[in-house]
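In: Give me coordinates for this.
(2 chains)
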2 protein chains.
Amino acid sequence: MKDFKVTPWEVSGSIDYEKLIKQFGTSRIDEKLTERLERTCGSLHPMLQRGFFFSHRDLNLILDDYEKGKGFFLYTGRKPSKGMHIGHMVPLTLTKWLQDKFKCNLYIEITDDEGFLHKRDYTWSDVQNAATENIADIAALGFDPDRTFIFKDSEYIKNMYPLLLRAAKKITGSTVKAVFGFDDSTNIGLSMYPAIQTIPSMFEKKRCLIPCAIDQDNYWRIQRDIAEGLGFHKTSAIHSRFLPPLQGVEGKMSSSAGAQTAILLTDDEKQVKKKINKYAFSGGKDTVEEHRKLGGDPTIDVPFQWLSIMFEGDDKKLAQIREDYTSGKILSGEMKGILIEKVNEFLVDHRTRKENAEVKKMMYSGKLAKKMWDTIHE
Amino acid sequence: MKDFKVTPWEVSGSIDYEKLIKQFGTSRIDEKLTERLERTCGSLHPMLQRGFFFSHRDLNLILDDYEKGKGFFLYTGRKPSKGMHIGHMVPLTLTKWLQDKFKCNLYIEITDDEGFLHKRDYTWSDVQNAATENIADIAALGFDPDRTFIFKDSEYIKNMYPLLLRAAKKITGSTVKAVFGFDDSTNIGLSMYPAIQTIPSMFEKKRCLIPCAIDQDNYWRIQRDIAEGLGFHKTSAIHSRFLPPLQGVEGKMSSSAGAQTAILLTDDEKQVKKKINKYAFSGGKDTVEEHRKLGGDPTIDVPFQWLSIMFEGDDKKLAQIREDYTSGKILSGEMKGILIEKVNEFLVDHRTRKENAEVKKMMYSGKLAKKMWDTIHE
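Out: Model (predicted):
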C-alpha cells in the first residue's frame, strides 16, 4: 500500500479517505445525515449523494440550528493564484447550492496576504492581479449578491483587526508549528496567518459552515480550539475528496504542478480537447479488441471520475455510461469525447457568467457587503 | 560590579552605558557630533549637551541629508498603558525640539495592537481607553499639527498592510526569538508584531530619525536588516539613557513597577510632594550636621539627576545647585523642594497644554495626516 500525504501545502499519493477521517478526527457523512439533508433541502446535490463530500464536523448542529430558526452562515475562501482550474470549482459549487437551499449569508475571503507571504517570487502586484481574476471567476458562480460578501484581506484587515488580535493572542508558535509544519525559518507573517483565516468563521454569532477540501481542515482545528473562548461557535465543516488530476486518480489537481494536470478556467475548446485526449489517464484497455472484450475500469478512469464528480448530474445517464464503459461498449476515446463536450459546455457557460457577474455588489454595494463595511469585528 | 539587563521588556541593574554602546554596536555621540548639531541648529538641547542622549546610529547621515536639502523625518511611538509618567516625556521632549529645529515631518505610532498582545489581562477596551489618554498626553507637547501624524495601529493597519507583508516576509521566527527573547509559547500576534513597528520608519523615501531610550534599539536593528532590501533607508536613531526611578539611579522609571517609582502625569501637587519627599533617593548624609560638613553626592541623588535631565534647563543654575549640594549648603530636603516645585510647574503646564492639544488635527485633519490617510504603503 502506498503512502499518502494530506496537508494544506501538499496532497500526494493514493489517499485513504477512511483513514483521514480517523486521523483528523472528523465524522463520516453517513446515510442518516444525507437523508436528513435531503429532507431539509428537498433534494440532494450529486456531490453529496455520490459521497464526494464525505466527511464533516458538526454538520448535524448546523441542521439543528437551521430547524430551530437560528440559522447559520457559510464561509469559504481562496488564496489568489494565476490559473484557477475546475478543481477549484468543487467547493464553490456546493457552496452555491447550500446558499440557494438555505438562503444564508456567505463570506468569501480572498487571502491575498497569504498568497504573497507563501510564494517567494510573488510580488504584491502579481497577487493583486491574480486576486482580481479569481474574484471574477468566483462571482461567476452566481451567489446571491445581497447575501454574499467577497473581500480581500488587505482591504478588510482594519475591520477584522481587533478580533484578529484576540485570536492571535490565543495561538502559540508551538501550535502553528505542529499544525502547519512551520519552523523557525518560516517568516513571521506566514506564522501569524492562520489566525487571519479563522476570523470570518466568527463574523456572526451564528454557527458557521465551511465547505472545503479535506486538506484545509487544519485551519479549522485551530478555530475550534479558540472560538468558544472568544465568545463564538466552533465552526462546522463539510469536507470533499480531491478532484483527481488528469494524470490519474492520485493526489489532487494543481495549477502549479504544470498546466497538463489541470483544465484551467481560461482553456479554450482546443486546449481542453488536446489536454484530455493527450493527458487524461484512461481505465481502458491497450487495444480496441481487448477493450471490447474485457471493458474499461471506471474507478481509475479520470474522464469517468470527472463526469461523476462534476459534469454529469443525471444519475441515470452516469449509470449508463459506467455500464457501457465496463462492458466495453464505450471506448476510452469515446469516454474522453463525452467529457470534452461537457467540460467545454461548462467553460463556455462559466465565461458568460463571469462577464455578467455582480462583483461590485458582492464586494462593496450589496446588502451584506454594505453592512460588513460598517462593522468592526471585536 | 553589578549585573545589568537592557531589553525592550526589562531594564534593571546599574547600567554601564559605555558597555551598551559596544554590546549594541551603536556609536557614541561625541563632541564633534554635538558641535555639528549645534552649528546646524543654532543651539543644543540640554539633553544633548549634558549627554543624556549619548548614543546614535547614523545621525551623521541625517545631518548630511539635511545639509544637502534632502531632509529627513522623525518617528517615535508609544505602547498604550495606563499612567504615563514623566520618564515617557524624555524622548518626546527631544523629538519636539528636533521638529522645531528641522521643520520636519513626525510620525507617532500608537501601538494598541502590541499593548493588547503583550499584556495577558488587558482587554481591547482597556487598551483603547489608555490609547486615548496617552495620545492627549503626547499631543500636549505641541508638535506641529500640519507636520505630525499620530495614529493607532488598529486604525491605520489597512494603509500599512502591503508594506507590512513585505517586511514580515523578510523576518524569520529565529530572528524575533534571538532579538526579543520570544519562544514557542509566545503568541503568534506578538511574534509578528516587530514587523509592524518597523513600518513607520519607511513611511517616506527619506531617512528616518528615531529618538528613543536605548532599550528600544532592538526594533531598529531588525529594521536596519530589512529596509534596504525593501527600497528604503536603514533608519537612524538617537538613544537616551533612562530617567532613573525615584528609588535610586538604577533601572528605569516604570508605571507597572508600582506608582511610587514614578511621577505620573496625572499626579496632583500633593501627590508629587509626598512621593518625592517620601521615596526619592537622596545623595545626602544621614544627619544635618554631617551633611553640612561633608556635603551631598549629586551623582546618586535622584532629585538632582531629574533636575539635570528634565527640569533645570539653565546651565548656570544647575551648576550652582550642584555646587551648593556638594558643599553641604543645600540640604536633601531643600533639594527635594526645588524638584517638587519644578515638577509641579511642569505638570500644571502640561495639563493646560493637554486640554488645548490639537489631537484631531494630528490624527485626521492636519496637512500631513490627510495625506497619510490617502496613502497605501507598498
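
In: Can you list the residue ranges for strands in chain A?
Out: A:4-6, A:11-13, A:27-28, A:53-57, A:72-78, A:106-110, A:148-152, A:207-213, A:236-240 (DSSP state E).

In: what is the mean pLDDT for the shortest one?
Out: Per-residue confidence for strand A:27-28 averages out to 97 on the pLDDT scale.

In: Then the first one?
Out: Model confidence over strand A:4-6 averages 84 on the pLDDT scale.

In: wouldn't A:I171 be in contact with A:I196 here?
Out: No: if you go by C-beta atoms under 8 Å, A:I171 and A:I196 don't touch, sitting 10.8 Å apart. Where C-beta positions appear, they are placed from N, C-alpha and C, glycine not excepted.

In: List the contacts of A:G251.
Out: Contacts for A:G251 (C-beta atoms under 8 Å, 6 or more residues apart in numbering or on different chains) come out as A:11-13, A:15, A:242, A:244-245.

In: one step back: any chance of the strands of chain A in a markdown table with mean neighbour count and distance to chain B as columns?
Out: Compiled in a markdown table, the strands of chain A are given as follows (neighbours: other C-beta atoms under 10 Å in any protein chain shown; distance: least, C-beta to the nearest C-beta, whole Å):
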| stretch | mean neighbour count | distance to chain B |
| --- | --- | --- |
| strand A:4-6 | 17 | 23 |
| strand A:11-13 | 17 | 25 |
| strand A:27-28 | 14 | 29 |
| strand A:53-57 | 22 | 23 |
| strand A:72-78 | 23 | 17 |
| strand A:106-110 | 24 | 13 |
| strand A:148-152 | 26 | 10 |
| strand A:207-213 | 24 | 21 |
| strand A:236-240 | 26 | 22 |
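
In: Is it possible to get JSON lines of those that adds distance to B:S43?
Out: Listed next are the strands of chain A as JSON lines, based on distance: least, C-beta to C-beta, whole Å:
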{"stretch": "strand A:4-6", "distance to B:S43": "68"}
{"stretch": "strand A:11-13", "distance to B:S43": "68"}
{"stretch": "strand A:27-28", "distance to B:S43": "75"}
{"stretch": "strand A:53-57", "distance to B:S43": "69"}
{"stretch": "strand A:72-78", "distance to B:S43": "58"}
{"stretch": "strand A:106-110", "distance to B:S43": "55"}
{"stretch": "strand A:148-152", "distance to B:S43": "50"}
{"stretch": "strand A:207-213", "distance to B:S43": "62"}
{"stretch": "strand A:236-240", "distance to B:S43": "67"}
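
In: Point out the one among these that comes closest to A:F182.
Out: strand A:4-6 (16.4 Å; C-beta to C-beta).

In: Packing partners of the closest one?
Out: strand A:11-13 (3 or more C-beta pairs under 8 Å, 6 or more residues apart in numbering or on different chains; DSSP states H and E).

In: Would you mind giving the domain segments of chain A?
Out: A:4-246, A:259-354 (automatic domain parsing).

In: can you give me the offset of the shortest one from its chain's centre?
Out: I take that to be domain A:259-354. 21 Å (C-alpha atoms, centre = their mean, to the nearest Å).

In: again, but for the first one
Out: Averaged C-alpha coordinates place domain A:4-246 at 8 Å from its chain's average position (C-alpha atoms, centre = their mean).

In: measure that domain end to end?
Out: 18 Å (C-alpha to C-alpha, to the nearest Å).

In: Residues of the stretch 251-378 of chain A that sit close to chain B?
Out: A:E378 (C-beta under 8 Å from any C-beta of the partner chain).

In: Would you pull up the residue in the stretch 251-378 of chain A closest to chain B?
Out: Per C-beta to the nearest C-beta, A:E378 is where the stretch 251-378 of chain A lies closest to chain B, at 6.0 Å.

In: Could you verify my assumption that that residue touches A:L163?
Out: Yes: between A:E378 and A:L163 there is a contact under C-beta under 8 Å: 5.8 Å.

In: And the two? Which one has more around it.
Out: A:L163 (22 against 15; other C-beta atoms under 10 Å in any protein chain shown).

In: Identify the residues contacting the spatially closest residue to the more buried one that is not a sequence neighbour.
Out: Spatial nearest neighbour of A:L163, excluding adjacent residues (C-beta to C-beta, 6 or more residues apart in numbering or on different chains): A:H377 at 4.0 Å. Listed by C-beta under 8 Å, 6+ apart, the contact set of A:H377 reads A:159-160, A:162-163, A:199, A:202-203.

In: For those residues, give me TSV that also has pLDDT.
Out: Below are the contacts of A:H377 laid out as TSV (pLDDT from 0 to 100):
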residue	pLDDT
A:N159	98
A:M160	98
A:P162	98
A:L163	98
A:I199	98
A:M202	98
A:F203	98
